[in-house]
Structure formats: C-alpha cells, structure tokens
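A.B. asks: pasting the sequence and the predicted coordinates here, then a few questions.
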2 protein chains.
Amino acid sequence: MHLEITKEYLATLKDLLDNGNVIKIQELLIELHPADIAALISELGDKYVKVLFDYLDDEVAVHVLVELEEDIRKDILADYDPETIVKRFINVMDSDDAADIINELPEQVRDDIVVLLNKSREEEAQDLISLLEFEEDSAGGLMAKEMIVVNINDTVSECIDEIRRQKEDVDVVYTVYVVDDNNVLNGIISMKQLVLSEPEVLIRDILETDITTVHVDTSAEEVGDMMRKYDLVVLPVVDDQKRLLGRITIDDVIDVIKEEAEEDYQLISGISEDIDPQDKVWTHSRARLPWLILGLFGGIAASKVIGAHEESIQIYPEMAFFIPLITAMAGNAGVQSSAIVVQSLAAKTYGKGTFLSKLIKESSVAIINGIICSAILLIYGFFFAKSLTTAMTISISLMSVILLASVLGFTIPILLNRLKIDPAQATGPFITTLNDIIGLAVYFLIGHGLYNMPL
Amino acid sequence: MHLEITKEYLATLKDLLDNGNVIKIQELLIELHPADIAALISELGDKYVKVLFDYLDDEVAVHVLVELEEDIRKDILADYDPETIVKRFINVMDSDDAADIINELPEQVRDDIVVLLNKSREEEAQDLISLLEFEEDSAGGLMAKEMIVVNINDTVSECIDEIRRQKEDVDVVYTVYVVDDNNVLNGIISMKQLVLSEPEVLIRDILETDITTVHVDTSAEEVGDMMRKYDLVVLPVVDDQKRLLGRITIDDVIDVIKEEAEEDYQLISGISEDIDPQDKVWTHSRARLPWLILGLFGGIAASKVIGAHEESIQIYPEMAFFIPLITAMAGNAGVQSSAIVVQSLAAKTYGKGTFLSKLIKESSVAIINGIICSAILLIYGFFFAKSLTTAMTISISLMSVILLASVLGFTIPILLNRLKIDPAQATGPFITTLNDIIGLAVYFLIGHGLYNMPL
C-alpha cells in the first residue's frame, strides 16, 4: 500500500538502524514497495543510505537501485567493483534500466562493464551493449529489449510456448510482437486475442496490423506526445527497415513528461538547467546565474533610460516614485501573455486562426485589463498624487505599458519558435527584462508629453 | 501512424470539404487515428467542425468526440437531442468518458439523459449513473466500470469464458480482478498467468494478492503520484469495505499529470485559473487580473517607499536610476528560490535535512551569486557612475537584496505549506511584489547610510 513517510516513521527506523535490530528492520522492509524503500533512503540522509541498502534482499535491492535518485545510486555503486555490479545488478535488471545506469557511471567503470558484457556470450549482454549506443533522450534510449516476439508463421500454441520460455525475463506482457523472417515488424497480437484463440490458429490469421510504431531516432519528447495522444501503454521501436528493435513502456514516458514539465517551470522562473534541491550549492549557483546577469545588464540599461531624464526627476521627483509600478506591471503582463503562448506551442494546441487574429485577441485581453488597472490607478492618483498631471501620466503610461508588454510577450515566443529556438528557453526573465526597459522608455515619453518635461 | 498537420494538409482538406468530395474525404479520414481527426477538427476552425464530423463513421465519431476539446464537443452535441446523444454516443463509450461528457452538458440536457438512463434496465446504464456522483478530480471521477471480474471460486476456464463474454465492452484487458461473493477485491490475475495456466486450475491457486488499490475518494493528484511511483498501468478502485468499484487506467492519469503541470506553470506566471488559448477574452482577463491588481497595489506601496526619500532623489537623482535594477534582481532571485521549493514540495522530494540546513544552503547560493553580480556592478559603477558612493551603494544594496529575496523566496512557500495553503498559488507575482518593496526599502536604507542622505 501507499506509504506516508512521517517524521515518527523515520525516527523509529533510524533507531532500529542505529541499534542494528536486524529482525525488526527486515520485518519492516518486507512490507514495502521498492519505490517506497527508495523514497525512505533519500529521506534518511547520507549516514544511513548504505546501512539500509545492505539490509535488502538481492532481488529487492535491484528494484530499489533503479528507483533511487541518480546521485545516491552512484554513491552506492561506488562501493562495488565492475564484476559485482554486472553480476549482482546489471544482469538481473530490465535492459532499459541497466543501460541508463551504466551510462551514469564514471567512464572507467563503464568501460570495464562493457568489456565484461562483451566477454559474455549471452544474448542479453549483446542486447544491452546495443542499447548503450543510443542518445538518452531518444526512443532508442528509452526502449527495452525484453519483449515477446513470435514469427508470423507460428501458431497460437507456439506463441504461448514462447511466453512460457521468457516468463522470467518479461515481467508484464502487454502485447506480443509478430515479425517475419527478417525481423520486420508485421503487427501485434493482444493478450486478450491470445487467450480467446484456439491453440492451432495461425498467428497470421489473428494479427492486428494497424499499429503505431516509432523510429529509433525519434526524440523522447515526441515519443511522450505520441503515447499520450494515442493512449498507448507500450510502443514498438523500429529502424529504417521497420525491423523491431525494442519497446517503450508508458512508465518511462511518464517520467519524461514530468521532467519536461519541471524543466519548463524552472525555465520560466529563471533557472537554466534542471536542478534538484539535493544538488550541490555550485550547481544551483550556475543554474541561476545566467538570468541574474541578464537581469543585471537589463537593470543597467534601465538606469541609462532613466538617466536620460535626470533633469525631469529633479524637477518632478514624483516620476521616480512610480518606476517600480511601471516595471512590475510590464513584467507581469508580459510573462502572463508569453506563458500562455509557450504552453500552447509546447502542447501543439496553438489552435485555429491566424497570427493576426490571435494578436487581436491577446490585445483585447490587455486592453480590458489595462483599462481596469489604469482606472484604479487614476482614482488613486486623483486623491493621493501631488498633481493631476502625475495621476494622468502614471495612468496613461500603465495602460500603454500593459498593452505593449502583452503584445511583446505574445509575439516573442512565436518569433523564437519560427526561428527554431525553444521559446521556453527565453521566456521568463528575458521577457521581464525587455519589458522593464521598454516600459520605462514609454513612461518617460508620456511624462515628457504631459509635464512638458525636459528631454 | 503519427500525423503531422501542415498548412498544406489543412488547405487540401478544406478544399475537399468545400467541394463536398465525399469519396476523397472518406479515403483520407479512414487512414487517421481518432486523436488525429480530433486535432484536425480543432485546427480547421469553426466553419468546418460540424461538416467534417458528419463525414465520420458512427464508431469513429464516438472516439473522435472523446478526444475533442471540451468547447468543440459541446458545440457538436448541442445539435443532438438527449435521446440521440444517449443512443449514438453515450451507450457505445467507455463509462469514464461517458460520465465526463454527461457532466459537461447543460443541466437540462444532463437531467434528461439521466432520466433516459434510469429508464434503461441495462447494467451499463446503472453503472454510468453511479459514476456521475463522484467528484471529477477524485479516483471515483477517473475510474471506468469496464473490467473483467471473476469470482475467487472460479477456474481459469470460467475466467476465459468471462473475458469472451465481455470482449466487446472491454477493449484492452490489462488484468483480471478477483472478488469474493461480497464483491470484495481479493487479488488479481495477470493475462500472462492466465495464458500459462491450465483450464482446470482454480483462480484462488494462482491469485496475486499483493496488489495496490486506491480508495474511491482519493484525489486525482494522489492517484497520479501513486501510479507514477509504482509504475502502474491500471489501478483498482475500492470503497471502505474494499469492494471493487472500478479501475483507473494510466492514459487518464497522464492527462491529470499534464494538466497539473500546466496549472503550476500558469500560477507562477501570474495566471490564476487554468486557461487555454481557445478560451474567451473575458476568461483570459479574469484569470490574469488578480495578479495584475496585486502588482498594482505593490507598485503603489513601492511609490510610498520611494516617496519617503523624495528629498534624497532630488539631491542624488542617480539613486533613482538604479531602482529598476534593484527591483528586477530582487524579483528574479526570489522567484528562482521559490520555484525550487514549490517544485520539490509538490514532488515530495523536499529531501533530507532540517529547515535550517536548507536555509543555509539556499543562502550560500544567494551569497555566491550575490557576490558575482555585485562585483560586476561595482566594476561598472567604478567606471561609469557619477560617484564612488553611488557605485558602493548600488553594489552593496544588490548583494543585500539578492540574499534577502532568496531567503524570503525560500521561506514563504514552506510557511504557506505548513499553513496548508498551496504554495504554488502564492509564488510567482506575490514573491516578486513583496521583494520589490523590501528591496527598495533596503536600497534607500543603505543609500541613506552611505550618502548621509536625508531620511
């Protein structure tokens, strides 16, 4: 069942581990799903990671290892020599997990493992080596080799024999893949079809040929889109000649979907690499610094815009009071507009209509919100600002800035997308910074007009 | 296969539809997956929606209807009377999709449909009515009634007969659910197990009892977390007495995961309801206005902070130049820190260590980035600012503001979470606005100290 990790639970477990209470620890662990044990290990803290891991049965340990976060896994594996890693873990894992884990290891260990696998004559070892060649974020990098494959000339009973032979290797059978003598994928047979067919029926007579496949070089993102769109649980991977290479299951793809969403969230927050709270201080610094420095130069540029109006500020210091209001509103309105565009570009739900019709819609939203906000500000200014001119200036500027920022926030991601630049990359702080500068220029221009300020 | 919708493709299709070229249109449609037809319909634009829909075979039309966006679907169904909706669509859909669609319809239509379903004596109609009672974003709202259920006293051959009986209703059989005479879920049998077992074997002897279930009232979000964590493709739903009520499949949960990620993305961008580009102008306005008004009041508060230093600005107008730099950097640093916290709170990977140890880590990141940015600004100020005092003021202020904004950005989401308020709700514009005001206060305080400015 679903485990809720409480402070009390962790304290009890630490106590047991400190006292080396073998029986109670194993009683407790046997109840848990490997994913829960992995979560426990990462909550326990460095001191207990290896202690707890050593209490696990060999079989459970393998599953836990797969579920652990990368840095903890690397830490645990650093204690084993390549031979033990292969024998105890790699050989008993699904090939996709094994390939991922080998690719994480230090180069020397990785090379040693490949040498060991090459020495092995087993088919699984050769399969695994072939998986290591694919890019991590491609269909090839996601696929596993464990699947039930039968020849199109077989019968249902031969197919069932094949499942029996492979029952140890293939945990869950979603579907049976049917190939010809050249390993070209001809179709699939569902488990339901298999259960309902007589043993002597020929595979070719119950074959489902209208199936979705994916080329081995397809990006992980597109694989995710396809599986989600077509509600697929498993997707066969083929090469240029339509030969069957492997299969991708939905659980791996959910992780891809989730990671992409997290990355987009971080990008709009001004974080340029995917980071976890567990990452080192320097990794955090490096991920955040680029956008801070962009903001810094944006701020210097903004200082130039205001500096050009130094005299005005000395005469009308009230102009300076509302600088943060103008920049904040430009930033907010711009990010709102671009978030909608970035999201719909990513989801490919950018929808019907031309660029112009969408721009008009976006502008309408900006005008409505601009009027409401400007009206509030005008009323405030009427009662509390030092002069009616100030009230008019800030109110008209706010209206203009919200409209302009929305149009820019809407247009820039579309422009970037046309230029084949990922719009998510450049949205958050970039749009905000740009809108700060443009917003200020508009503000002082309007102020100049209304106050007859010196330029 | 995967369809790439190009402008040329759309133009050709529009041409065919305009000319009513029945044969070519049907030739083209027969090649496509319902999900692709749904995507095509939403790209074609209002004018063609119903035209294209009318070309579809009854069976395909039902699948397309399920895949369409809500507003287009409602538009199409508005042309049918309740009886036709039930007969042509509801009766042939999976129960979870049918329940979702009925709940979307106008109240009068919905009521009429429930009356029609109540009149029907079929079990499916009663199942469907029971589904309508659950909250949309709960396990009950996600589950479907179509599943293979056998009694624990049956044999494998009886189980296969049951699958044969239900083969029309249950598209894909992932697993067989085993219940006792009171419909209490006792365990499952995998299709693999079924294929490999002799017909006369008793179900109770091959039963897998160590299974994950979910209570019908569990939130959709938690269902998603569970299925992702435990790599589940299908999850049985039970009531308080562990009676089997239905099952949730992974495809519905992926949509939940995706929608939640989109919502979080919109929240940090200052959009307070989940909106699509297709939504009406007013819906967009309403979703964005709250944060704009918050920003407005924040801007007014900021004007008060600066206003308190009016004299200083008249004497040292350069202080005003760097206001946007200070507020922008405070905003950026704050959002970066809070994004990491919000994300890890949501993913429950908040990790090991106490609040204090994490705060120290976050502060270290801020200090490193603060030192780098301040150093750059100091060098700039040394060469380009009007006085060394200005250079010192902006540089020291920047350092302080980055540190303070990070600490606040880190602490506030954790505080909100403790108070049981969704931290994602209050992160983006709230953190930025607060940091603007505090950043300015710090800036003028430091300026006051260094310039001996009038307070």
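C.D. replies: Yep, that arrived. Predicted, not measured: the structure shown is a model, and the values here were computed from it.

A.B. asks: how many neighbours does the residue lying closest to A:I85 once chain neighbours are set aside have?
C.D. replies: With sequence-adjacent residues excluded and distances taken as CB to CB, 6 or more residues apart in numbering or on different chains, A:I85 is closest to A:L77, at 6.0 Å. Where C-beta positions appear, they are placed from N, C-alpha and C, glycine not excepted. Neighbourhood size, A:L77 [other CB atoms under 10 Å in any protein chain shown]: 19.

A.B. asks: show me the contacts for A:L77.
C.D. replies: Counting by CB atoms under 8 Å, 6 or more residues apart in numbering or on different chains, A:L77 touches A:L65, A:I85, A:F89, A:I101, A:L105, A:V109.

A.B. asks: now render these as CSV, adding neighbour count, secondary structure and distance to B:I257.
C.D. replies: Rendered in CSV, the data for these read as follows (neighbours: other CB atoms under 10 Å in any protein chain shown; DSSP: H, G, I helix; E, B strand; the rest coil; distance: CB to CB, whole Å):
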residue, neighbour count, secondary structure, distance to B:I257
A:L65, 23, helix, 25
A:I85, 21, helix, 33
A:F89, 22, helix, 29
A:I101, 22, helix, 25
A:L105, 18, coil, 30
A:V109, 18, helix, 34
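
A.B. asks: just to revisit the earlier point, separation between the residue nearest to A:I85 and A:E311?
C.D. replies: Using CB to CB, to the nearest Å, we find A:L77 at a distance of 67 Å from A:E311.

A.B. asks: next one: A:G334
C.D. replies: From A:G334 across to A:E311, the span is 29 Å (CB to CB).

A.B. asks: also A:E200?
C.D. replies: To A:E311, A:E200 is 97 Å away according to CB to CB.

A.B. asks: now A:F382
C.D. replies: Distance from A:F382 to A:E311, by CB to CB: 27 Å.

A.B. asks: try A:S138
C.D. replies: Distance, A:S138 to A:E311, using CB to CB: 60 Å.

A.B. asks: excluding chain neighbours, give the residue nearest to the residue in the stretch 301-450 of chain A positioned nearest to chain B in space.
C.D. replies: Nearest residue of the stretch 301-450 of chain A to chain B, counting by CB to the nearest CB: A:L325, 2.5 Å away. Leaving aside its chain neighbours, A:L325 sits nearest to B:G299 (2.5 Å; criterion: CB to CB, 6+ apart).

A.B. asks: contacts only, for A:L404.
C.D. replies: For A:L404, the contacting residues are A:A330, A:N435, A:I438, A:G439, A:V442, by CB under 8 Å, 6+ apart.

A.B. asks: out of those, list just those in strands.
C.D. replies: Among the contacts of A:L404, no member falls in strands (criterion: DSSP state E).

A.B. asks: which one of the residues you listed sits in the busiest neighbourhood?
C.D. replies: For these, the largest number of neighbours (other CB under 10 Å) sits with A:A330, at 33 neighbours.

A.B. asks: verify the stated contact: that residue with A:I438.
C.D. replies: Yes. Counting by CB atoms under 8 Å, A:A330 touches A:I438, with 7.1 Å between them.

A.B. asks: sorry, back to before: let's have the contacts of A:L77 in TSV, adding distance to A:V237.
C.D. replies: Output for the contacts of A:L77, formatted as TSV (distance: CB to CB, whole Å):
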residue	distance to A:V237
A:L65	25
A:I85	26
A:F89	24
A:I101	20
A:L105	24
A:V109	27
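
A.B. asks: ok, these vs A:E124, which is closest?
C.D. replies: A:F89 (13.4 Å; CB to CB).

A.B. asks: for chain A, what spans make up the strands?
C.D. replies: Secondary structure of chain A by DSSP E: the strands cover A:148-151, A:175-179, A:185-190, A:214-215, A:234-238, A:244-249.

A.B. asks: between those strands, which one is nearest to chain B?
C.D. replies: Minimum separation from chain B across these (CB to the nearest CB) falls at strand A:185-190, 6.8 Å.

A.B. asks: pLDDT of the closest one, averaged?
C.D. replies: If you average the pLDDT over strand A:185-190, you get 94.

A.B. asks: got the CA positions of it in PDB?
C.D. replies: Extracted C-alpha coordinates of strand A:185-190, given in PDB (Å, rounded to 0.1, in the frame of the first residue of the first chain):
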ATOM      1  CA  LEU A 185       7.500  -6.000 -37.500                       C
ATOM      2  CA  ASN A 186       4.300  -7.200 -39.200                       C
ATOM      3  CA  GLY A 187       1.800  -6.500 -36.400                       C
ATOM      4  CA  ILE A 188       0.800  -7.400 -32.800                       C
ATOM      5  CA  ILE A 189      -1.400  -9.800 -31.000                       C
ATOM      6  CA  SER A 190      -3.100  -8.700 -27.800                       C
END
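
A.B. asks: count the neighbours of A:I372 for me.
C.D. replies: Using other CB under 10 Å: A:I372 sits among 17 other residues.

A.B. asks: OK, contacts around it?
C.D. replies: Per CB under 8 Å, 6+ apart, neighbours of A:I372: B:L289, B:I293.

A.B. asks: that one and A:I402, how far apart?
C.D. replies: Per CB to CB, A:I372 is found 10 Å from A:I402.

A.B. asks: and the pLDDT for A:L117?
C.D. replies: Per-residue pLDDT puts A:L117 at 88.

A.B. asks: neighbours around the nearest residue to it once chain neighbours are set aside, how many?
C.D. replies: Of all residues not flanking A:L117 in the chain, A:A125 sits nearest, at 4.3 Å (CB to CB, 6+ apart). By other CB under 10 Å, the residues close to A:A125 number 20.

A.B. asks: A:A125 and A:I113 touch, don't they?
C.D. replies: No. The criterion here is CB under 8 Å, and A:A125 misses it with A:I113 at 10.1 Å.

A.B. asks: between the contacts of A:L77, which is closest to B:L44?
C.D. replies: Ranked by distance to B:L44 (CB to CB), the contacts of A:L77 are led by A:I101 at 46.5 Å.

A.B. asks: which residues touch that closest one?
C.D. replies: Counting by CB under 8 Å, 6+ apart, A:I101 has contacts A:L65, A:V66, A:R73, A:L77, A:F89, A:I90, A:M93.

A.B. asks: go again with 7 Å.
C.D. replies: A:R73 (CB atoms under 7 Å, 6 or more residues apart in numbering or on different chains).

A.B. asks: roughly how far does it sit from A:D252?
C.D. replies: Distance, A:I101 to A:D252, by CB to CB: 13 Å.

A.B. asks: which neighbours do the two have in common?
C.D. replies: In terms of CB under 7 Å, 6+ apart, A:I101 and A:D252 are not both contacted by any residue.

A.B. asks: quick one on the thing from earlier: now, which of the contacts of A:L77 sits nearest chain B?
C.D. replies: Closest to chain B out of those is A:L65 (14.6 Å), distances taken as CB to the nearest CB.

A.B. asks: what sits closest to the residue of the stretch 51-200 of chain A found nearest chain B if chain neighbours are left out?
C.D. replies: Nearest residue of the stretch 51-200 of chain A to chain B, counting by CB to the nearest CB: A:M191, 3.7 Å away. Excluding the flanking residues, the one nearest A:M191 by CB to CB, 6+ apart is B:M191, at 3.7 Å.

A.B. asks: in the stretch 1-150 of chain A, which residue sits nearest chain B?
C.D. replies: Residue nearest to chain B within the stretch 1-150 of chain A: A:G45 (4.1 Å; CB to the nearest CB).

A.B. asks: phi first, then psi, for that residue.
C.D. replies: Torsion angles at A:G45 (phi, psi; degrees, to the nearest 10) stand at phi 100, psi 160.

A.B. asks: so A:I85 sits right up against A:I113, yeah?
C.D. replies: Yes. The pair A:I85 / A:I113 is scored as a contact, 6.5 Å apart, by CB atoms under 7 Å.

A.B. asks: re the thing from before, have a look at A:G334 and A:E311 and say which one is more surrounded.
C.D. replies: Taking other CB under 10 Å, A:G334 and A:E311 do not tie; A:G334 has more neighbours (33 against 12).

A.B. asks: contact partners for that one?
C.D. replies: By CB under 7 Å, 6+ apart, the contact set of A:G334 is A:A405, A:S406, A:L408, A:G409, A:I431, A:T432, A:N435.
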